[in-house]
Each structure stands twice: as C-alpha cells, then as structure tokens.
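[1] sequence and predicted structure, then a few things I'm wondering about:
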Amino acid sequence: MERLLPDIEAAVEHNHVVIDGLRQIEELERLQSSQPRMIVIAVDASESQRRERINSRLRPDDGNFDEREAREWGWGLEMVMQLADLTIKNDGTEDDFKASIVHSLHSIGVE
C-alpha cells in the first residue's frame, strides 16, 4: 500500500481514482488518512452468485471457494464493506451491474 500512495496522490490531483480489491481494514484506514475525500464503494453479490462466478472462471489461484471466502472474510472484508459510503449490488447481468455503477456514480456527483 505504501508504495502506491505517491501514485495515488499524483493521480487524484487530476482525475477520479478507483482502487479495487480492498479487503483489510488497515488498507482502508491508511487510504482514508491519505485521501480524506475518498468515497468507499462496496460491491456485493450473494454467496450463491459469488460461488457460481468463482467456480466458472477456473483461475488456478481461486482454489476452493469456501477456503477463499473464509480467508477474505477473515482479513476483515466484512468490516470494510460495512464502512462503505455506498454499496452496489452485483447479482444480475453484467449490463445490470454497469448500469448500477453509472447510476451510483451519478448519485454522488461523478460523471
């Protein structure tokens, strides 16, 4: 995280920046201390939808779904998601998800 902060700070001066994959509360806290205007958006899908997607993509680093879920939730993902300013559901189609993203960003003033 620390090595990324200078790049994030430089990019934020001129653009909106998306940081994907926060799973630990420490990462969130560090970013918030560096970027007080940061808006946290959680993307949530049902367990059955996550299971189906993970199992269908067949990436070798995914491993066992239940172990992966336990590991990521154990890192503090639930707390990070609870602290989000906004939550976008991702239980539909890809087009539904894209439309939800656009709608959610517009709702917070991002064009």
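    All right, it came through fine.
[2] biggest helix in this structure by residues?
    If each helix of the chain is counted by residues according to DSSP state H, the longest one is helix 94-107.
[3] just the strands in this protein please.
    Remark: strands assigned in the chain by DSSP state E are 41-44, 86-89.
[4] buried residues, the first one. List them.
    Of the residues in strand 41-44, those scored as buried under the neighbour-count criterion (16 or more other Cβ atoms under 10 Å) are Ala42, Val43. The C-beta positions use only the backbone N, C-alpha and C, and glycine is treated the same way.
[5] and what of the last one?
    Burial within strand 86-89, assessed by neighbour count using 16+ other Cβ under 10 Å, is assigned to Ile88.
[6] check which helices and strands that strand is in contact with.
    strand 41-44, helix 94-107 (3 or more Cβ pairs under 8 Å, 6 or more residues apart in numbering; DSSP states H and E).
[7] which of those is buried the deepest?
    strand 41-44 (a mean of 15; mean count of other Cβ atoms under 10 Å).
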